[in-house]
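Q: The following comprises the amino acid sequence and a computationally predicted model.
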Amino acid sequence: MALERVKARVGTGVKLLPAVIVLVVVGYAAAGYFLLILPRWRLIAPGGELDLQRVQELRNSELGYAALVGAAVGDHKALNPELKERVSAALPPEKDIPGIIASLAALAELHGMVLVNFDAVVDDKTALPTGEKVVAVTMNLTGADYPGFKAFLADIERSLRIFDVQSLVFSPKTASYSMTMSAYYLDAK
C-alpha cells in the first residue's frame, strides 16, 4: 500500500515532468530576453546610444569641428610673416642685450651723441602680469645740445623695440645725459 502510494506520486510527477520542463525553458527564455536581448535592443533602438542616425550626426559634428580646426591652423600658418617679424622686433623672445646696445648706440650717433656708459641688468625672477620680463638699462650719453637729445628721445619713442624711460638726468653745461629705462622681452622658456 505504501508502495502503491509512492508509485502513484511518482507517476503523477512523471506525468507533470514535460509541463515543468516547458515552464523552465520558457522561464529561461524570458530571463534571457529581459537580461540579455532587451538591454542591447534599447542601445540600437531609435534614440538609443548606438542608433545609427545619432552616430552619423555625431560623426558629422566632429567632422565639422575638425574642418574648423584645420581652417584655423591654415589661417595661423598664413599669418603675415612681416607682422610676425615686427612683433618679434618689438618684443623679442630673448633678452637681446647686444641688440639693445647696438640700437641705442646707433640712435645716439645719429643725433651727434656718444654712448659713454651702458649697463643692463636682467631680473629673471620678476615678470609683468602679461608675461613680459624686464631688462633694466642705465646709460650715460654726451655730446649733443638739448634739441639733439630731445630728437634722440623721440626716436627711442618711435623705435620698434619697446622702451620705457624711468628716469632722466641731464647737465646742460657739460652736455651729458644719464638715463634709466626698461626694455621688455618675452621669455620663450
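A: That came through fine. Since the model is a prediction, treat every value here as computed from it, not as a measurement.
Q: Quick check: Glu4 vs Ala19, distance?
A: 24 Å (CB to CB, to the nearest Å). All C-beta spots, glycine's among them, are computed from the backbone N, C-alpha and C.
Q: Check Tyr185 too.
A: 91 Å.
Q: These two: which has the busier surroundings?
A: For Tyr185 versus Ala19, neighbours defined as other CB atoms under 10 Å are more numerous around Tyr185 (21 against 9).
Q: in the chain, which spans are helices?
A: For the chain, applying DSSP state H gives helices covering 2-32, 38-44, 52-77, 81-90, 97-110, 146-158.
Q: winner for burial among those helices?
A: By mean neighbour count, with neighbours taken as mean count of other CB atoms under 10 Å, helix 97-110 ranks first of the helices of the chain at a mean of 16.
Q: Phe152 - nearest residue in space that isn't next to it in sequence?
A: His111 (4.4 Å; CB to CB, 6 or more residues apart in numbering).
Q: about what we covered before: for Val135, find the nearest of the helices of the chain.
A: helix 97-110 (6.6 Å; CB to CB).
Q: and Thr142, what pLDDT?
A: For Thr142, the pLDDT comes out at 91.
Q: For the nearest residue to it once chain neighbours are set aside, which residues are in contact?
A: Leaving aside its chain neighbours, Thr142 sits nearest to Ser176 (4.7 Å; criterion: CB to CB, 6+ apart). For Ser176, the contact set (CB atoms under 8 Å, 6 or more residues apart in numbering) comprises Val116, Asn140, Leu141, Thr142, Phe170.
Q: Can you spell out which residues form a bridge with Ser176?
A: Thr142, Ser171 (DSSP bridges).
Q: From Pro129, how far out is the residue lying closest to Ser103 once chain neighbours are set aside?
A: Nearest non-adjacent residue to Ser103, counting by CB to CB, 6+ apart: Arg161, 6.2 Å away. Note on Arg161: its distance to Pro129, by CB to CB, is 21 Å.
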